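**Q** here is a sequence together with a model predicted from it:
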There are 2 protein chains.
Amino acid sequence: MRKRFTLQEYKEGVLSGDRTKLSQAITLAESLLETDLKLASDLVQEILPCTGKSIRIGITGVPGVGKSTFIEAFGQLLVDSGKSVAVLAVDPSSQKSKGSILGDKTRMEKLAGDKRAFIRPSPTGTTLGGVSSKTREAMLLCEAAGFDVILIETVGVGQSETAVKSMVDFFLLLMLAGAGDELQGIKKGIMEMADGVVIHKADGENLSSAKKAKSSYENALHLFPLGENNWSTPVMTASSQTKEGLSDIWETIQKYADQMQLSGFWESNRASQRLNWLDENLQFLLGKFFMEHEQVQELLLQNRARVENGELSPLSLARDLITTFFQFNEKR
Amino acid sequence: MRKRFTLQEYKEGVLSGDRTKLSQAITLAESLLETDLKLASDLVQEILPCTGKSIRIGITGVPGVGKSTFIEAFGQLLVDSGKSVAVLAVDPSSQKSKGSILGDKTRMEKLAGDKRAFIRPSPTGTTLGGVSSKTREAMLLCEAAGFDVILIETVGVGQSETAVKSMVDFFLLLMLAGAGDELQGIKKGIMEMADGVVIHKADGENLSSAKKAKSSYENALHLFPLGENNWSTPVMTASSQTKEGLSDIWETIQKYADQMQLSGFWESNRASQRLNWLDENLQFLLGKFFMEHEQVQELLLQNRARVENGELSPLSLARDLITTFFQFNEKR
């Protein structure tokens, strides 16, 4: 049985920067118990005025691109320049592989040992909706605890990129130079989400192919439309071994932050992210209530395959499910 | 007051290919009245076994790219080769501009006069969720009426592309050659949705720049990952004036269809589209019930801005809204 604290105890602990209390508060937010969720929700509301001051950076790339070594080296650079850094991860598949859960801290050994860094393994929520909501809460709690930079890692192969994009200020895509084979792992559409692309492992024998890749991607990205923020996605090269290029990335992110704060996009983006979070939460909670209804579950179980194979109209089943749901509610 | 028919009358009319009945059936599906919606839903279920045999093609591009002239010329090519063609449009903004509602038929004068073509202006639903669901129903009704090819036009500047992508077999993006300025109108991410890109207006003085643009985009697209279907997006040039390139586009689409039917992607894609439609409908209907509740509306009105400006946690408001909704339901 985990120990619980009062709202006041959690709040004071987090705001004073107490790492143990911060960890416990994040654990509370990750709980599946209704009473914990209520307490966590109240806690987030309490610490809200002390959030929003960090730079939130999403980092993605396929397995093998070296995300962990990058975060270790990049985090070290930030820490050495006087910033405090929190590392979070969104990985809804982690329950299966257990990779991130056991691995994060050991993979980032040096950073994990640093007093100015805080590394939190992936939450073990069952759905992406749940996980991404919990990661947002963890992010706010870390901000309230005073961290200057939040790095949010995601796996680069699934829906989690959209979730991370919707909670960060800057989205960084790590790539490898090469014949294009490694691209197959990246989901279509992720390239266009990136605010910055880094050709990673640009060292030793890879250096010249990395430079070539950089200019190919620069040419390609110039053909693509700019987003709302009018930012032209830069392509950089970096090595986590030689540390070459890491400070350029940080300068680029700072330049982005300056430019977006000036244009007002920084705040308008965060405002729409908050409204998205509200929508997402509503959909998640409504869907949860809906799917927990026995009659709804049963009807869906009986007919989902018939919709899939084109025998039953999705429209008809949706109407029946909704009718079942509200009849049940009315009868309670 | 519009005339209503019985389920049987609509069904027989649509299945016999009666255009007037088809139009009336689509109008029924676009109605906002609950009794009409129920009847339309039953009708879609009835005609479902007779759907699925057409090729569904989505067509997008910014205003000015020449979508209407392209659809007119491309539709004519199809009709001349013995195919029957239905043209639909998804444009949630059409209520404001009235452009598509009044304009579609006059803009496609020749095609509209052809007996093997059917042109249906945009529905006037108020939300994208509503419009895209109604367009899916219109598509199925057209298929049941025996059309071989369904062309679905969208405006290229908003969310409607995702909606159209989720209901078609092949998604075609029209572009113009040029200095890149016209790209600004296209939303980020649309390029990566395309199964085919056409540099339009490739005639006269534009011809050489169109060819240049084609090879630039080819190079750029090769750097981007393939989708699940393993299809490498071709870039073509075409002119709706000279008709040059139009038959290549149709051949490409047929090649795509053959390849995807062979690999099984054609059917697996349609199966997942059906499940998506179910999800979308459920979310739409649940959201509709939710947002129609007075207390929910009131609470949301009072607090939405506080979430937007970061004063109130999205999580807290979502919980309060859900509690309000279910309390109200329980009390009914």
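**A** Structure's in. What do you need?

**Q** going forward, measure contacts between C-alpha atoms and count neighbours the same way
**A** Will do.

**Q** does chain B sit close to stretch A:13-28?
**A** No. On the criterion Cα under 8 Å from any Cα of the partner chain, stretch A:13-28 is out of touch with chain B, staying 14.3 Å away.

**Q** so which residues of chain A form strands?
**A** A:55-60, A:85-90, A:117-119, A:149-154, A:170-176, A:196-200, A:235-237 (DSSP state E).

**Q** and of those, who's closest to chain B?
**A** strand A:170-176 (11.6 Å; Cα to the nearest Cα).

**Q** can the closest one be found next to chain B?
**A** No. Strand A:170-176 lies out of reach of chain B by Cα under 8 Å from any Cα, never closer than 11.6 Å.

**Q** tell me how far residue A:311 lies from residue B:17.
**A** To residue B:17, residue A:311 is 22 Å away according to Cα to Cα, to the nearest Å.

**Q** looking at these two, which is more packed in?
**A** Higher neighbour count among residue A:311 and residue B:17: residue B:17, with 17 against 13, using other Cα atoms under 10 Å in any protein chain shown.

**Q** what residues does the more buried one make contact with?
**A** When the contact criterion is Cα atoms under 8 Å, 6 or more residues apart in numbering or on different chains, the partners of residue B:17 are B:144, B:145, B:146.

**Q** just those residues that are near chain A?
**A** By Cα under 8 Å from any Cα, no member of those lies near chain A.

**Q** quick one: residue A:19 from residue A:144, how far?
**A** The gap separating residue A:19 from residue A:144 is 12 Å, by Cα to Cα.

**Q** next: residue A:305.
**A** Residue A:305 sits at a distance of 47 Å from residue A:144 (criterion: Cα to Cα).

**Q** how about residue A:118?
**A** 13 Å.

**Q** give me the more crowded residue out of these two.
**A** The residue with more neighbours, out of residue A:118 and residue A:144, is residue A:144; 26 against 21, by other Cα under 10 Å.

**Q** isn't that one right up against residue A:51?
**A** Yes. Counting by Cα atoms under 8 Å, residue A:51 is a contact partner of residue A:144 at 5.0 Å.

**Q** per-domain residue ranges of chain A.
**A** A:1-50, A:51-262, A:293-331 (automatic domain parsing).

**Q** how about the residue lying closest to residue A:236 once chain neighbours are set aside, what does it touch?
**A** Excluding the flanking residues, the one nearest residue A:236 by Cα to Cα, 6 or more residues apart in numbering or on different chains is residue A:198, at 4.7 Å. Shown in contact with residue A:198 (Cα under 8 Å, 6+ apart): A:172, A:173, A:174, A:175, A:235, A:236, A:237, A:238.

**Q** 10 Å instead?
**A** Listed by Cα atoms under 10 Å, 6 or more residues apart in numbering or on different chains, the contact set of residue A:198 reads A:61, A:172-177, A:210, A:214, A:234-239, A:245-246, A:249.

**Q** next: residue A:203.
**A** For residue A:203, the contacting residues are A:209, A:210, A:237, A:238, A:239, A:240, A:241, A:242, A:243, A:244, by Cα under 10 Å, 6+ apart.

**Q** what's the closest non-adjacent residue to the second one?
**A** If I follow you right, that is residue A:210. residue A:177 (4.9 Å).

**Q** same deal with the first one?
**A** The shortest distance from residue A:209 to any residue other than its chain neighbours is 5.9 Å, reached at residue A:177 (Cα to Cα, 6+ apart).

**Q** okay, and the common contacts of residue A:118 and residue A:144?
**A** Here residue A:118 and residue A:144 have residue A:22 as joint contacts, going by Cα under 10 Å, 6+ apart.

**Q** looking at the stretch 101-250 of chain A, what residue ends up closest to chain B?
**A** Nearest residue of the stretch 101-250 of chain A to chain B, counting by Cα to the nearest Cα: residue A:220, 4.4 Å away.

**Q** pretty sure that residue sits against residue B:215.
**A** No. Counting by Cα atoms under 10 Å, residue A:220 stays clear of residue B:215, with 11.4 Å between them.

**Q** okay, these two: which has more neighbours?
**A** Under the criterion of other Cα under 10 Å, the comparison of residue A:220 against residue B:215 puts residue A:220 first, with 19 against 13.

**Q** quick one: contacts for the more buried one?
**A** Contacts of residue A:220 by Cα under 10 Å, 6+ apart are A:214, B:216, B:217, B:218, B:219, B:220, B:221, B:222, B:223, B:224.

**Q** and with 8 Å instead?
**A** Residue A:220 is in contact with B:217, B:219, B:220, B:221, B:223, counting by Cα under 8 Å, 6+ apart.

**Q** helices along the stretch 51-200 of chain A, start to end?
**A** A:67-80, A:94-97, A:99-107, A:109-112, A:128-144, A:160-165 (DSSP state H, counting those that start in this stretch).

**Q** wait, isn't residue A:65 in contact with residue A:175?
**A** Yes. If you go by Cα under 8 Å, residue A:65 and residue A:175 touch, sitting 6.2 Å apart.

**Q** between the two, which contacts overlap?
**A** Taking Cα under 8 Å, 6+ apart as the contact rule, residue A:65 and residue A:175 both touch residue A:200.

**Q** neighbour-wise, which of those two wins?
**A** Between residue A:65 and residue A:175, counting by other Cα under 10 Å, residue A:175 is the more crowded of the two (27 against 20).

**Q** ok, back up a step: pLDDT added to the contacts of residue B:17, as a markdown table?
**A** Shown next, in a markdown table, are the contacts of residue B:17 (pLDDT from 0 to 100):
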| residue | pLDDT |
| --- | --- |
| B:144 | 97 |
| B:145 | 97 |
| B:146 | 97 |
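
**Q** up against chain B, what does the stretch 1-150 of chain A have?
**A** A:41, A:42, A:44, A:45, A:48, A:49.

**Q** what's near enough to touch residue A:296?
**A** By Cα under 8 Å, 6+ apart, the contact list for residue A:296 reads A:290, A:321, A:324, A:325.

**Q** in terms of contact, does the second one touch residue A:302 like I think?
**A** Spelled out, that is residue A:321. No. Using Cα under 8 Å, residue A:321 makes no contact with residue A:302, being 11.4 Å away.

**Q** out of those two, which sits in the busier spot?
**A** More crowded of residue A:321 and residue A:302, by other Cα under 10 Å: residue A:321, with 22 against 10.
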